[in-house]
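Q: Below are the sequence and a predicted model; questions follow.
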Amino acid sequence: EMSPEEAAFQDRIDQDIKIEPKDWMPAGYRKTLIRQIGQHAHSEIVGQLPEGNWITRAPTLERKAILLAKVQDEAGHGLYLYAAAETLGVSRDELTEQLLDGRMKYSSIFNYPTLNWADMGAVGWLVDGAAIMNQVPLQRTSYGPYSRAMIRICKEESFHQRQGYDIMMKMAQGTAAQKAMAQDALNRLWYPSLMMFGPSDADSVHSAQSMSWKIKMDSNDELRQKFVDQTVPQAEYLGLTVPDENLKWNEEKGGYDFSQPDWEEFFDVLRGNGPCNVDRMEKRNKAWDEGAWVRDGLMAHAAKRAALKTA
Ligand code: FAQ
């Protein structure tokens, strides 16, 4: 049974009128947004680690400059998203603490290692490709600050995707050894990329409510299908093989039939047991601890300035 306030709120959502920070909203809407935006922000920040790993080993000065810019963009995305979450009444520090002590999640994909240079191509192509597939519709999400953050982020993500595909092109057209590295990267990152869209619709606990609130615009399986349909021809163009024996064009549905990722592995990664979960959290905790003196210094400086003003 909806209260009159809730009914009026749902009515605004149904009419595609944005919800802004000072508007009334159901507690569940606020909570779900904090969870999703916060998880998204954390993904951007933790997502810097797999690519940051290769900045010092980029093969050319140009590739290094591009990768450095991309990784910095991810930090920027994290900051837009933390700022969007702050409009809901939670501070960036609180969110960070919840990430660091394991109360909040970040995307499963960043718990997989980046083993060779071709992985930089595959991450840009597949991981940023999946991220855009999910984020383009979120530009129309019902919460104003989140939707505006998504508009900026999507512009940068499409450059990220292109730079990844460009690395894949170079590798796939290179020597036999380079092409084999590109194929190996695709083999390892294909299923983890499919997992980024979340569990199957049958197992997605939040989808129904989030979709009626337009926090989510499409279901997990719908976006996964669109991603496969977009990406398979790109793999063919590269001359690489998607590691799925069941992959087949289905004329009737106008899309590919494909194998699901190993959902046991997905839930195991969410429980903290992926190949890099421990390492990622150690690195983020170390960065937070080593940055304490900067935060303390800024607070002391702000307090001094405030004292000067009142004096
Ligand atoms: N990883 O009921 P649902 C990027 C959790 S892009 C970890 O379906 P929901 C860019 C979910 O939280 C990546 N956990 O959940 C980049 C829930 O658990 P909870 C980030 C996952 O929220 C590229 C439970 O499973 N993008 O970073 C995952 O309705 C390259 C049940 O699932 C976003 O976050 C997963 N993959 O749908 C950066 C986009 N999937 O919270 C650097 C915004 C599900 O109850 C380098 N988020 N779970 O404990 C969304 O669109 C949604 O939150 C979904 C999940 C679609 C991810």
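A: It's in.

Q: since we're on Arg280, how many residues are nearby?
A: Counted by other Cβ atoms under 10 Å, the residues lying close to Arg280 total 18. To be clear about C-beta, it is placed using only N, CA and C from the backbone, and glycine gets the same treatment.

Q: so what pLDDT did it get?
A: Reported pLDDT at Arg280 in the predicted model: 98.

Q: ok and the residue in the stretch 1-150 of the chain nearest the ligand?
A: Gly47 (2.6 Å; Cβ to the nearest ligand atom).

Q: what about that residue, neighbour count?
A: Each residue near Gly47 was counted by other Cβ under 10 Å, and the total is 24.

Q: which non-adjacent residue is nearest it?
A: Distances taken as Cβ to Cβ, 6 or more residues apart in numbering place Phe110 nearest to Gly47, at 5.0 Å, with adjacent residues excluded.

Q: picking that back up, correct me, but the residue of the stretch 1-150 of the chain closest to the ligand touches Glu74?
A: Yes - between Gly47 and Glu74 there is a contact at 5.5 Å, judged by Cβ atoms under 8 Å.

Q: got the contact list for the residue of the stretch 1-150 of the chain closest to the ligand?
A: Gly47 makes contact with Glu74, Tyr106, Ser107, Ile109, Phe110, Val127 under the criterion Cβ atoms under 8 Å, 6 or more residues apart in numbering.

Q: near the ligand, from these?
A: When Cβ under 6 Å from any ligand atom is applied, the members of the contacts of Gly47 adjacent to the ligand are Glu74, Ser107, Val127.

Q: Among those residues, which ones are in strands?
A: By the criterion of DSSP state E, membership of the ones next to the ligand among the contacts of Gly47 in strands covers no residue at all.

Q: show me what contacts the residue nearest to Gly47?
A: Applying Cβ under 8 Å, 6+ apart to Phe110 gives the contacts Ser43, Val46, Gly47, Leu49, Pro50, Cys276, Arg280.

Q: and if you look at Ser193?
A: Residues Ile109, Leu126, Val127, Gly129, Ala130, Phe227 are the ones in contact with Ser193 under the rule Cβ under 8 Å, 6+ apart.
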